[in-house]
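> Take a look and give me a structure for this.
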Amino acid sequence: MIQKPNFSDPNHFYIPLVTNAIGDDLIKSLEQSSIDTIKLINKIPQSLEDFKYDDNKWTIKQVIKHISDSERVHSYRALTIARNDKTSLPSFDEDLFADYDNSNQSNLSMIKDEFLAVRKSTIELFKNLSQESLDFEGIGNNMIFTPRIIGWLISGHNSHHCNVIKTKYL
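Just a heads-up that it's a prediction; the model follows:
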């Protein structure tokens, strides 16, 4: 079981995401947030796939792509840190990623399939990390992270964006 982390510094931006992630076991949390995301995607009518609730916001397809893109970036960070690599990992520009995510050439079904593939990979990564490596520290985006924190961040970030879709888009 991969429990939620304890935080020594309560000022990091990701703490609310980690704290609000579903459950108390990371693998189950990732599995449940995946189920919840697929249920949500399946409820979105085709007419809303490219909907933006404001001019400066992403479409629903871009939000789902963002969940997958962020998960890929964070999974790489978790893998690097779990392998005890002390490389300082850079941030990423989520808006730039969204500008080039090719969602305008995809439909929501394709984006859903990509999400599922990314999530399966993430779950397998975390299932195979040692208890010791879950708490190795590394630097990502100029902040200290552990694979444990990153795993919970992935789950909480996913849930956060699904709530945004429910409240702002639907």
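
> residues contacting Gln62?
Shown here is Gln62, whose contacts under the criterion CB atoms under 8 Å, 6 or more residues apart in numbering are Ala98, Asp101, Ser103. Using the backbone N, CA and C atoms, a C-beta is placed for each residue, glycine as well.

> check which helix or strand covers the closest residue to the first one other than its chain neighbours.
The one in question is Ala98. On the basis of CB to CB, 6 or more residues apart in numbering, the spatially nearest residue to Ala98 that is not a chain neighbour turns out to be Gln62, at 4.9 Å. With secondary structure defined by DSSP states H and E, Gln62 is part of helix 60-82.

> cool, Arg148 as well?
If you go by DSSP H and E, Arg148 is part of helix 147-164.

> can you pull the alpha-carbon coordinates of that helix into PDB?
Listed in PDB are the C-alpha atoms of helix 147-164, where the atom choice follows Å, rounded to 0.1, in the frame of the first residue of the first chain:
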ATOM      1  CA  PRO A 147       7.800   9.600  -6.100                       C
ATOM      2  CA  ARG A 148       5.100   9.100  -3.300                       C
ATOM      3  CA  ILE A 149       4.200  12.800  -3.600                       C
ATOM      4  CA  ILE A 150       4.200  12.700  -7.400                       C
ATOM      5  CA  GLY A 151       1.900   9.600  -7.500                       C
ATOM      6  CA  TRP A 152      -0.700  11.300  -5.200                       C
ATOM      7  CA  LEU A 153      -0.300  14.600  -7.200                       C
ATOM      8  CA  ILE A 154      -1.100  12.700 -10.400                       C
ATOM      9  CA  SER A 155      -4.300  11.300  -8.800                       C
ATOM     10  CA  GLY A 156      -5.400  14.500  -7.200                       C
ATOM     11  CA  HIS A 157      -4.600  16.600 -10.300                       C
ATOM     12  CA  ASN A 158      -6.800  14.200 -12.400                       C
ATOM     13  CA  SER A 159      -9.700  14.600  -9.900                       C
ATOM     14  CA  HIS A 160      -9.300  18.400  -9.800                       C
ATOM     15  CA  HIS A 161      -9.700  18.700 -13.600                       C
ATOM     16  CA  CYS A 162     -12.600  16.300 -13.700                       C
ATOM     17  CA  ASN A 163     -14.300  18.600 -11.100                       C
ATOM     18  CA  VAL A 164     -13.500  21.600 -13.300                       C
END
